[in-house]
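Trainee: I'll drop the sequence and a predicted model, then ask my questions.
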Amino acid sequence: MIIHELPRVLITHHASRITALLCSCTALALTFIGLFEWDVPLTRFIRSLNSAQTDDLANPWLAHLSKIGDRLGNGESLVVISVAIGAIGLLLKRADWKAAGWQSLLAHGIAGVVSNLMKHLIGRARPKFMHSGTLELFPVSGSGWDSFPSGHATASFAVATVLAMKWPKLRYPILVIPCAIAASRIVRGSHFLTDVAAGALFGYLIGSVVANPWRDWRPSLESALFALAPVLAALLAIVWTIGHRPSDLWPAPQLIGAGLTIVILGLVGHIAMVARPTFLPLFFTRPLAQGLIGLGLGMVTGSAWVTVTVLLVCVAYWLRCRAVEDSRVSASATADSRLILKEALFVLAILLALVLGVELRGALPML
């Protein structure tokens, strides 16, 4: 019986993986379509922060961030970082440092080729040349028509992804740096929001492939897409929440009310899974609880577009987790104080996100 059931299990596993991948790719496509709406409004908002006399950023902190991001994300700085890491590896005879050095250098080179090819093949006008508020494309054009994608974002994310995978315990501090560089490109007025989002996408994909064995390039791309979909969907949700004026028109109030209810239900189930896992039905797994929480947070934005995007991300996450493991918490795990602390911080983070999602609606109305 077990031998006969094995092909069915393998087929189910493969179908779940493919469906999850399709959901993630569709969510990414919807995310970029949604972010595209904010390119011009966000650029106009940034320009409103400039000094009328010099057309430079009036805020010294933003001006400083702009300059640091421009210098740190350029090609010379990234090459120096990669070469320095490789040199340290040679001096200390550390294989991990040597690998991080040459692989980040390789990722940077590939990112540079990919971004420059796309820049000139697409030929999107940079913000300073886009005065009409419409999309203007002049393929194979010169300087100024090379906005998409951001080269700084692509290269910095490619290098940082390699380093983050080589030193996973430091992955979050490492990945904060390219995020700051990407933000500085928008603040500087050099790129639109979708330019840096695309740069982050391409850079992360390139870095993920380079940091892993070449024969595993397909699983590497899949894992990178799964990891990127929720991050970019969260970016869309944040921008939408802050930039849209609160509305009492359908379906915003209904989505917000239902979202709050779903988040609470997901949190209750998540807490019960740690405290009394036998109390819940077998189908209620940790991925299902976290998916409900994510979907509820997406609905709290009041946007049907964001809700559908987040729903696809949650479905992809649930399918991917189901294909790997059951993910239920055993009763013996409740005695682990570290687990309890981790779950408590998770609940607090979700509640904070929920409060911010409600309180920051329309904080910077751009539409």
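Mentor: In hand now; what should we look at? Numbers count the residues shown, from 1 in each chain.
Trainee: Please enumerate the helices of this protein.
Mentor: 2-36, 39-48, 60-72, 75-92, 95-122, 151-166, 171-187, 193-211, 217-243, 252-275, 286-300, 304-324, 337-359 (DSSP state H).
Trainee: For residue 156, see how far away the residue nearest to residue 353 when sequence neighbours are not counted is.
Mentor: Excluding its sequence neighbours, the residue lying closest to residue 353 (Cβ to Cβ, 6 or more residues apart in numbering) is residue 297, at 6.0 Å. Bear in mind the C-beta positions are built from the backbone N, C-alpha and C, glycine included. To residue 156, residue 297 is 28 Å away according to Cβ to Cβ, to the nearest Å.
Trainee: Those two: who's more crowded?
Mentor: residue 156 (32 against 25; other Cβ atoms under 10 Å).
Trainee: Find the nearest non-adjacent residue to the more buried one, please.
Mentor: residue 178 (3.9 Å).
Trainee: just residue 96 next, same as before
Mentor: Residue 96 sits nearest to residue 166 (Cβ to Cβ, 6+ apart), 5.9 Å away.
Trainee: The one you found: how many residues sit nearby?
Mentor: 19.
Trainee: Pretty sure it sits against residue 98.
Mentor: No: Residue 166 is beyond contact range of residue 98, at 10.3 Å (criterion: Cβ atoms under 8 Å).
Trainee: Next one, pLDDT for residue 192 please.
Mentor: Looking at residue 192, its pLDDT is 94.
Trainee: where does it fall, phi/psi-wise?
Mentor: Per-residue torsions, residue 192: phi -90, psi 170 (degrees, to the nearest 10).
Trainee: Pull the contacting residues for it.
Mentor: 39, 40, 42, 43, 127, 147, 148, 186 (Cβ atoms under 8 Å, 6 or more residues apart in numbering).
Trainee: Repeat the analysis, applying 7 Å as the threshold.
Mentor: Taking Cβ atoms under 7 Å, 6 or more residues apart in numbering, we find residue 192 in contact with 39, 43, 127, 147.
Trainee: Output the below-cut-off pLDDT ranges for the stretch 151-300 of the chain.
Mentor: By pLDDT under 70, the weakly predicted segments of the stretch 151-300 of the chain are 275-277.
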